[in-house]
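> what follows is a predicted protein model with its sequence.
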Amino acid sequence: MNIYEELQARGLIAQVTDEKEIRELVNTGGARFYIGFDPTADSLHVGHFMALCLMKRLQMAGNKPVVLLGGGTGFVGDPSGRTDMRQMMSPETIKSNCDKFLKQIGKFIEFGEDKAIVVNNADWLLSLNYIELLREVGACFSVNNMLRAECYKQRMEKGLSFFEFNYMIMQAYDFYYLNEHYGCNMQFGGDDQWSNMLAGTELIRKKTGKDAFAMTITLLLNSEGKKMGKTAKGAVWLDPEKTSPFDFYQYWRNVDDADVMKCIRMLTFIPVEEIAEMDKWEDSRINEKKEVLAYSLTELVHGKEEADKAKATAAALFSGEGDDSNMPTTVLTADMIGEDGIGIIDLLVACKLASSRGEARRLVEQGGISVNGEKVANVNHKVPASLIAESVKIKKGKKVFHKVTL
């Protein structure tokens, strides 16, 4: 099975500009393609995961990736999929985030001569002359067409700033620049980027007369149509300091039954033929499928050793077997605990099991908290310092476990 057909079989392809040409390019290793990553946070998250996996798959098939870090576009921020304007970041923050992105991307992509390269659009966007841009690029864009784009339409009611309105032009210019200087003939991205990507292919055609291509990948949605990769704590990050390997494992271990096979198909590198056999498994083996998914993705992001630890910790918590030493842990200092201990509300907030005292109170009142196997029903309950010194296990709901030590 060729790579294009494999992408189809995995349900990864959403939209393409020219299917025949794209199929030929990627199947023969002729694609010099780019995917952009705007440094909107200090870590990549599950939302970037699909793009990283796609880039890895295409590189394995002989195609040449160009990783584009958005050190320039990060100064503006993409309005696609947003209901409000992104918070502006300082140049120092943007650079720091780009550096951290590159370190994480290096776990998926092989860089080197005749392999993958990395570029930063700050190198050309920040030095652009405004009048020159208006003359050379702005003249190629129709405002009417831009306003019909989905990424802008959804913002028109609440207000779209001129600041953000320029983002499509910047992304299109990126594709044009990469085409001229690095021979990029394809751009890949999430399906919410379709309008911006078409703008790039059209700009290249108008400025050079050459053809360039675009393909979007299916957004990772659950069976209810909502984006995956969010928890009560927020995004599921690829940085182990922000989302521990165990929490990452547990996120995939606890996905809804209806989403398991889709995630295995779209995200793992398990051969399509093996996935077809898993599709035939009895419903009683659903937990086995979830363990395959969780282990495969944790190994891919954090390595085999961390995946083994996460699996062992999960076994210790849910079946009483295995090593629980890698359970997510919060270490409290003595000054955080009074002589008579620490209140359960303060403890939940300190462990980030609740984002506020109000949420912590609701969790206790609803019977969702246990300490060392005993359910806590009193919001005024205090956990003794002596108990914390020996380490305490907190259980939130049915699936979230946390350890507290002094």
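Received, thanks.
> I figured A122 hits L68, correct?
No - shown here, A122 and L68 do not form a contact pair, counting by CB atoms under 8 Å, at 10.6 Å. Where C-beta positions appear, they are placed from N, C-alpha and C, glycine not excepted.
> which one's more surrounded, the two?
Using other CB atoms under 10 Å as the criterion, A122 and L68 rank with L68 on top: 26 against 20.
> for this structure, name the helix or strand with the lowest mean pLDDT.
Across the helices and strands of the chain, mean confidence by mean pLDDT, DSSP states H and E is lowest for helix 150-153: a mean of 65.
> for stretch 272-286, measure first residue to last.
18 Å (CA to CA, to the nearest Å).
> pull the residues that contact that stretch.
1, 6, 9-10, 257, 260-261, 264-265, 268, 270, 288-289, 292 (CB atoms under 8 Å, 6 or more residues apart in numbering).
> buried residues in that stretch, which are they?
275, 278 (16 or more other CB atoms under 10 Å).
> isn't V392 right next to E374, touching?
No - V392 is beyond contact range of E374, at 10.6 Å (criterion: CB under 8 Å).
> neighbour-wise, which of the two wins?
Using other CB under 10 Å as the criterion, V392 and E374 rank with V392 on top: 21 against 10.
> report the beta-bridge partner residues of that one.
Beta-bridge partners for V392, by DSSP bridges, are V404.
> quick one, what contacts the residue lying closest to L25 once chain neighbours are set aside?
Closest residue to L25 apart from its sequence neighbours, by CB to CB, 6 or more residues apart in numbering: A31 at 4.5 Å. Going by CB under 8 Å, 6+ apart, A31 touches 22, 25, 58, 63-64, 185-186.
> okay, and which of those residues map to helices?
Judged by DSSP state H, these include 22, 25, 58 as members of helices.
> farthest pair in the contacts of stretch 272-286?
Spanning the widest gap among those are M1 and D257, at 27.6 Å by CB to CB.
> shaky segments in the stretch 251-400 of the chain?
Along the stretch 251-400 of the chain, the model assigns pLDDT under 70 to residues 318-326, 390, 398-399.
> same question, the stretch 1-150 of the chain
For the stretch 1-150 of the chain, applying pLDDT under 70 flags the ranges 77-87, 146-147, 149-150.
> ramachandran angles for Q15?
Torsion angles at Q15 (phi, psi; degrees, to the nearest 10) stand at phi -140, psi 150.
> quick one: the helices in the stretch 201-350 of the chain?
245-253, 260-267, 272-278, 286-302, 304-319, 344-350 (DSSP state H, counting those that start in this stretch).
> winner for burial among those?
Ranked by mean neighbour count, the helices of the stretch 201-350 of the chain are led by helix 245-253 with a mean of 24 (mean count of other CB atoms under 10 Å).
> show me what that helix is packed against.
If contacts are counted by 3 or more CB pairs under 8 Å, 6 or more residues apart in numbering; DSSP states H and E, helix 245-253 sits against helix 286-302, helix 304-319.
> quick one on the thing from earlier: tabulate the helices of the stretch 201-350 of the chain (a markdown table), appending distance to M336.
Output for those, formatted as a markdown table (distance: least, CB to CB, whole Å):
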| stretch | distance to M336 |
| --- | --- |
| helix 245-253 | 22 |
| helix 260-267 | 39 |
| helix 272-278 | 47 |
| helix 286-302 | 29 |
| helix 304-319 | 25 |
| helix 344-350 | 7 |
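> nearest to L54, out of these?
Closest among the helices of the stretch 201-350 of the chain, once you apply CB to CB, is helix 260-267, at 9.6 Å.
> contacting residues around G229?
Counting by CB under 8 Å, 6+ apart, G229 makes contact with 45-47, 49, 220, 235-236.
> make it 7 Å
With contact set as CB atoms under 7 Å, 6 or more residues apart in numbering, G229 has these partners: 45-47, 220, 235-236.
> C351 too?
Contacts of C351 (CB under 7 Å, 6+ apart): 330, 394, 402, 404.
> next step: those residues restricted to strands.
Mapping these onto strands (DSSP state E) picks out 330, 394, 402, 404.
> report pLDDT for the residue nearest to V16 when sequence neighbours are not counted.
Nearest residue to V16 in three dimensions, chain neighbours excluded: M215, at 4.7 Å (CB to CB, 6+ apart). On pLDDT, M215 comes in at 96.
> what's across from M215 in the sheet?
Beta-bridge partners of M215, as defined by DSSP bridges: V16, F188.
> burial measure for it, as a count.
By the measure other CB under 10 Å, the count of residues near M215 is 27.
> the one 3 residues further on too?
Around T218 sit 17 other residues, with neighbours defined as other CB under 10 Å.
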